[in-house]
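Peer 1: Just need the structure, nothing else, for what follows:
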Amino acid sequence: MCIGSKLVDYSSEGGGSHALLTMTVINFARTLGLDYVHSPFIEIHHADRPREVWLAAWESLFNFGAGEVRAEGTDRDVFSITPINFDPIRSLFGDLHPYNEHDTHVVPQFSPAVVGEFRRKYYSNKPLHKNAELTVCVHIRRFNAGDDNVSYVASFSRIGRTLADVRAVLAAHRIDHVVRIFSQGHASEFPEGLLAGAELLLDGDPIRSLEELIEADVLLSSRGSFSYVAGVLCDGIVICEPFYPPQRDWLVCDPDGAFDTDTFARRLRQTATRASGSGSPATSTRV
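Peer 2: The predicted model follows:
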């Protein structure tokens, strides 16, 4: 199976969308017992460096091709999933497209085995990271150029409620921790209550930011593919907004940002503290 950016025209999508697309089709191949043949990324939007360097950086980050056969133009036993042949593939195997007719994301619940495979690929060229003290990472998705749906934009009030509940549980258990908020824009655009005691990292290197989200002990996943992919790869506690279908072990917020704090507290007791690594290259503001 040949995939990558060939499933649909994703040239206007960022690294998170491309990664989630690849994960979805790897999962499809594993589920049906098919061989996955890797096709490297061919176009990723929001580039902040030369195209080839940008693509190579994302390829190296996820390592989806690690241990896989690479697609060649002469392959006759490999089929590409493209808009042209999507309908017959769907009729044979089921709906693989990331959107349905209502433009709603369809993301599978990955099996523990497939998630373990994604994580092994990710760490195949980097050391396993450990934080010195428990680290809470929050991703706040802002409106991006090219967005045509405001539902992607994170709600400050909802995130504020979730983060306040996380902090309350940590305080009740006397757990030392740091809070890092990753987003875009200017510090003045964020509510003071949300930022109190947190490190705000704005407009940073997206690849390094994604790495820090993945390495979080507690991850507050925002709307969109970027932090959803981080959640899949993160082996900490993931708390997500009700947007994409959650993975099996995630805690899901209600529309107001509340979540099951009892389960969170129980899982906290099972979470080992991890040693810290290098800092983010983003602009950092301690509030």
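
Peer 1: Run through the helices of the stretch 1-150 of the chain in chain order.
Peer 2: Assigned helices in the stretch 1-150 of the chain, in chain order: 15-32, 51-62, 86-93, 112-122 (criterion: DSSP state H, counting those that start in this stretch).

Peer 1: mind listing what's buried in stretch 109-129?
Peer 2: For stretch 109-129, the buried set under the neighbour-count rule, 16 or more other C-beta atoms under 10 Å, comprises 110, 114-115, 117-119, 121-123, 129. Any C-beta I mention is one placed from the backbone N, CA and C, and that applies to glycine too.

Peer 1: who's in contact with it?
Peer 2: 23, 26-27, 30-31, 60-64, 66-67, 211, 214-215, 232-233, 235, 245, 247-248, 274-275, 277 (C-beta atoms under 8 Å, 6 or more residues apart in numbering).

Peer 1: which among the residues you listed end up buried?
Peer 2: Burial by neighbour count, judged by 16+ other C-beta under 10 Å, picks out 23, 26-27, 30, 61-64, 211, 214-215, 232-233, 235, 247, 274 from these.

Peer 1: what's the weakest-modelled helix or strand in this structure?
Peer 2: One helix or strand of the chain scores below all others by mean pLDDT, DSSP states H and E: strand 283-286, with a mean of 45.

Peer 1: if we can go back for a sec, for the buried ones among the contacts of stretch 109-129, point out the one with the lowest pLDDT.
Peer 2: Minimum pLDDT across these is recorded for Arg274, with 40.

Peer 1: Grab the most central residue of this structure for me.
Peer 2: Nearest residue to the geometric centre of the chain (C-alpha atoms, centre = their mean): Val229, 2.1 Å.

Peer 1: Centre of the chain to whichever strand or helix holds that one, how far?
Peer 2: Using DSSP states H and E, Val229 sits in helix 225-233. Its chain's C-alpha centre and that of helix 225-233 lie 1 Å apart, by C-alpha atoms, centre = their mean, to the nearest Å.

Peer 1: now stretch 130-147
Peer 2: Relative to its parent chain, stretch 130-147 has a centroid offset of 10 Å by C-alpha atoms, centre = their mean.

Peer 1: Can you list the buried residues in it?
Peer 2: By 16+ other C-beta under 10 Å, the buried positions in stretch 130-147 come out as 131, 134-142.

Peer 1: Could you pull up the residues touching the residue nearest to Val179 when sequence neighbours are not counted?
Peer 2: Leaving aside its chain neighbours, Val179 sits nearest to Ala198 (4.0 Å; criterion: C-beta to C-beta, 6 or more residues apart in numbering). For Ala198, the contact set (C-beta under 8 Å, 6+ apart) comprises 138, 179-181, 287.
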